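Trainee: Next one to model:
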Amino acid sequence: MRDVPAAPVLLIDDNPDTRELLRSLLAIRGYDTVTADDGFEGLAYLRRGGSASVIILDLKMPNMDGWAFRRALNADPRWSAIPVIIFSAFPPSDPGTAMGVVCKGSDDPELLLAMVASACSGQGAS
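Mentor: Alright, predicted model coming up:
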């Protein structure tokens, strides 16, 4: 049995159906997931002392989009090393320092799950 990371996956997406579908998919694989409606909510979670093994991030969201969230994340040394997977219907041509990009609507959820597993490898709970 593979190790599950001590910290949850932080899923930031404004679409409640997408959040629930991904949360369920990750739970089947044994991952705890914390969800946020937008970048502000994701930052609030981290500022309250929350942690994340990896962040799955939508880019187009109201209030604080994924790009603004990434700038805030990278500006703080407490969070700048958290791997980020961009999950967007509008994938960028340059994902910056994100570990990967998955286009929403992809017929292969295994791609996203493989990226999550890769980001979490070596972070198993003790």
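
Trainee: what number of residues lie near Ala52?
Mentor: Residues near Ala52, counting by other Cβ atoms under 10 Å, number 24. Yep, even glycine has a C-beta here, placed from its N, CA and C like the rest.

Trainee: and if you look at the one 4 residues further on?
Mentor: When counting by other Cβ under 10 Å, one arrives at 26 neighbours for Ile56.

Trainee: you'd agree it is up against Val116?
Mentor: Yes - with contact taken as Cβ atoms under 8 Å, Ile56 and Val116 are classed as touching, separated by 7.4 Å.

Trainee: ranges for the strands of this structure?
Mentor: Secondary structure of the chain (DSSP state E): strands at 9-12, 33-36, 54-57, 84-88, 100-103.

Trainee: need those in TSV with distance to Leu26 and mean pLDDT, can you?
Mentor: Rendered in TSV, the data for the strands of the chain read as follows (distance: least, Cβ to Cβ, whole Å; pLDDT from 0 to 100):
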stretch	distance to Leu26	mean pLDDT
strand 9-12	6	98
strand 33-36	5	97
strand 54-57	9	97
strand 84-88	12	95
strand 100-103	13	92
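
Trainee: Make a markdown table from the ones you listed and add distance to Leu111 to it.
Mentor: Converted to a markdown table, the strands of the chain look like this (distance: least, Cβ to Cβ, whole Å):
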| stretch | distance to Leu111 |
| --- | --- |
| strand 9-12 | 15 |
| strand 33-36 | 18 |
| strand 54-57 | 12 |
| strand 84-88 | 10 |
| strand 100-103 | 6 |
